[in-house]
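In: Just the structure for this:
(one chain, ligands or ions: 1)
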Amino acid sequence: MIYTSYKKIDEAGRVVISKDIRRKLSLKHNDILKIDVKDNVIVIKKAEPSCEFCESEENLLQFKGKTLCKNCLEEMKKIN
Ligand SMILES: [Zn+2]
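Out: This next block holds a predicted model:
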């Protein structure tokens, strides 16, 4: 299903995501959004934890406050 709404950008560049959309997507105050721009299309979605090196969202580990995936960890192990 596609939900379409029209919003005006304010003088500071802000756009309000309406309450019904926030509720539908379980977006809360202080959640982080990821904004991707490609071919003149803006995609905004709730940020999920991802590897800081390759942006994978699978097989994640925490190391010294950083998030990385197992694939990148394995690649790092090969560095001499
Ligand atoms: Zn990675």
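In: What lies in contact with the lengthiest helix in the chain?
Out: Longest helix in the chain, counting residues (DSSP state H): helix 70-77. Outside helix 70-77, the residues that touch it by C-beta atoms under 8 Å, 6 or more residues apart in numbering are 51, 53-54, 56, 59, 61, 63. From N, CA and C alone the C-beta is placed, and that goes for glycine too.
In: which one of those has the most neighbours?
Out: Cys51 (20 neighbours; other C-beta atoms under 10 Å).
In: Quick one: name the residues of this structure near the ion.
Out: 51, 53-54, 56, 69, 72 (C-beta under 5 Å from the ion).
In: just the strands in the protein please.
Out: Remark: strands assigned in the chain by DSSP state E are 33-38, 41-46, 60-63, 66-69.
In: List the strands paired with the third one, with their directions.
Out: The partner list of strand 60-63 in its sheet, established with DSSP bridges, is strand 66-69 (antiparallel).
In: For the strand it pairs with, list every residue counted as buried.
Out: 67-69 (16 or more other C-beta atoms under 10 Å).
In: can you redo the contacts of helix 70-77 as CSV with pLDDT?
Out: What follows is the contacts of helix 70-77, written out as CSV (pLDDT from 0 to 100):
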residue, pLDDT
Cys51, 95
Phe53, 96
Cys54, 96
Ser56, 94
Asn59, 96
Leu61, 96
Phe63, 93
